[in-house]
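Undergrad: Sharing a model that was predicted from the sequence below.
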Amino acid sequence: MKWVNKRRPNSALGLTIDGHALHAVFVKISRDTIEVEKDVSTQLKTDLLSHDPAIVGREIKDFLKASGINEKNCMVGLPLNWAFSVHSKLPALEAEDVADFLQLEAERGFPTPVDELQTTLTNYTSPNGEPYATQVGVSRSHLKKLQEVLTAAGLKPTSFALAIAALPGALPKAGSSVITALVGENRIDLLIAFGTSIVSIRTIEMAFDDQNIDIRANGEMIFRELRITLGQLPRDISGKIDQINLFGNNPKISGFLEVLKQKLSPMGMTVRHIQSYSGTEGSPKISTSVKVSPEAGLAARRLSQKPDEYWEYLEAPPSFWSKVSTRYSSRQLVYPVTGAAAVALLLIGMFGYQQYQLTQLRAEWAGMKKNVDQYDALQGEMRKYRPWFSSTSPNLTILARMSEAFPEAGSVSAKTVDIRNSANVSCSGVATDKNSLYKTLAALRALNQIDSLALDSLKGSKAPVQFTFNFHWSESSKP
């Protein structure tokens, strides 16, 4: 997003709203160093997505006022569970065909229609020289609701960006690859970046849901999910990852940190829990006394006026000239009659020439129509029977084995099943309860042909719950 005001502000407000959790950090520049003036958080009684925006906005406004924060302009961090990503290897295509290919990838990869998402795109070249693209989409309805809530709170957002991308080192220097993990109360957000390009995002829901599991078991579970995530990346990207940065104030981090170090050290990876800034980030620099958080990073980014790396989702307001054009377009213009006559003559000439071209084209079409109809009929037959040419029917085999794992009672049902190259399978659907879903996932994991099964998303605290999982199918049995 381009900044209209070229003058650097002296203060900024970073804000995140994740469910009922509101966190705000207000910073100021003091002696060319960014210092925190206010760092406040609360649990809202209302929910951003389900309650009236006016009511939610009033609660936020009252809280900020009681906290002594009067700043109106704010940088807003979006929770990662709002975002969906599609990562694609780009084939050898002409430049004008790449957009169509990415549109098809988005339609196949996103769980919701593309026109319901606001998307951003980045292209990068892997260490092996292969081109890739990542599309990240956020629901337009979520963004609209967020805008309405902030307006009701008397705030003026200057940016909507992924909160996790505002953490230090999340988007490293060119040629480097790093995993950033933001540990929340009951969720872990993962961002994998290669340089300033996002390769993959993932949310591990219910990471600490079972209070009876000890900390080491949590570490083992997180390590398993990390391995699954790494296994889904291009090898030359995953091979470049040598660092995992943990962020967050969850007290359980210190418990499973050692487990991750023990597991990842043999793989050549270092694990760090970053809690404060180094004092070298950005210009002006952030004080080392500032506690690391997405909100502080967003506010500091506002002061440095460098929002371009953060994947902007706030649509730019209409320009001054477009407003003027809209406002005055209905007024009388200079020489209206002369202008209208000139336009009319031009249109008549254009339509006459167009009719001449159409006549010529119709004559050409009449001569080739018979051959084209025969060709179309042949193509139709080929499309009709092409899926059945293979004698092995691998896709039907995959569907048959999946259906055997689903409960007969119908407590878990699939809405969409996407099978690519008869090996990579993605399934979305609904379940009446989480236990039935977990039993189904366990039954699938028990199949010899299935590996790298991962639960990508699980939404809904009450029945029914929505899920998306994926796995790799191989005809060879597990060792």
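TA: It's in. Residues are numbered from 1 along each chain as shown.
Undergrad: longest helix anywhere in this structure?
TA: helix 336-385 (DSSP state H).
Undergrad: Please name the residues that touch Leu102.
TA: Leu102 is in contact with Ser88, Leu121, Ala133, Gln135, counting by CB atoms under 8 Å, 6 or more residues apart in numbering. To be clear about C-beta, it is placed using only N, CA and C from the backbone, and glycine gets the same treatment.
Undergrad: Identify the farthest-apart pair in these.
TA: Pairwise distances across those (CB to CB) peak at 10.1 Å, for the pair Ser88 and Leu121.
Undergrad: residues making contact with the helix or strand just after the longest helix of the chain?
TA: Using DSSP states H and E, the helix or strand that directly follows helix 336-385 along the chain is helix 394-405. Applying CB under 8 Å, 6+ apart, the contact partners of helix 394-405 are 387, 414, 417, 419, 422, 425, 427, 440, 443-444, 447, 449-450, 473, 475.
Undergrad: Now helix 394-405: buried residues?
TA: Burial within helix 394-405, assessed by neighbour count using 16 or more other CB atoms under 10 Å, is assigned to Ile398, Arg401, Met402, Ala405.
Undergrad: what ranges do the strands span in the stretch 101-250 of the chain?
TA: Along the stretch 101-250 of the chain, counting by DSSP state E, counting those that start in this stretch, strands occupy 117-125, 131-139, 156-162, 177-183, 187-194, 197-205, 241-247.
Undergrad: got a list of contacts for the second one?
TA: Spelled out, it's strand 131-139. With CB under 8 Å, 6+ apart as the test, strand 131-139 has contacts from 78, 82-90, 102, 105-106, 109-110, 112, 114, 116-126, 162, 197-201, 234, 311, 313.
Undergrad: how does the protein divide into domains?
TA: Listed domain ranges for the chain are 1-165+283-307, 169-273, 394-473 (source: automatic domain parsing).
Undergrad: hmm, back to that, in terms of neighbours, single out the busier of Ser88 and Leu121.
TA: Taking neighbours as other CB atoms under 10 Å, Ser88 and Leu121 compare with Ser88 leading, 18 against 14.
Undergrad: What residues does the closest residue to the more buried one other than its chain neighbours make contact with?
TA: Excluding its sequence neighbours, the residue lying closest to Ser88 (CB to CB, 6 or more residues apart in numbering) is Glu105, at 4.6 Å. By CB under 8 Å, 6+ apart, Glu105 lies in contact with Val86, Ser88, Ala133, Gln135.
Undergrad: which of those sit farthest apart?
TA: Top of the distance list for those (CB to CB): Val86 and Ala133, 8.5 Å.
Undergrad: Now the helix or strand containing Arg272: buried residues?
TA: Per DSSP H and E: Arg272 is located in strand 270-273. Within strand 270-273, the residues that qualify as buried are Val271, His273, counting by 16+ other CB under 10 Å.
Undergrad: picking up where we left off before, closest one to Glu59 out of the contacts of Glu105, please.
TA: Minimum separation from Glu59 among the contacts of Glu105 (CB to CB) is found for Gln135, which lies at 34.3 Å.
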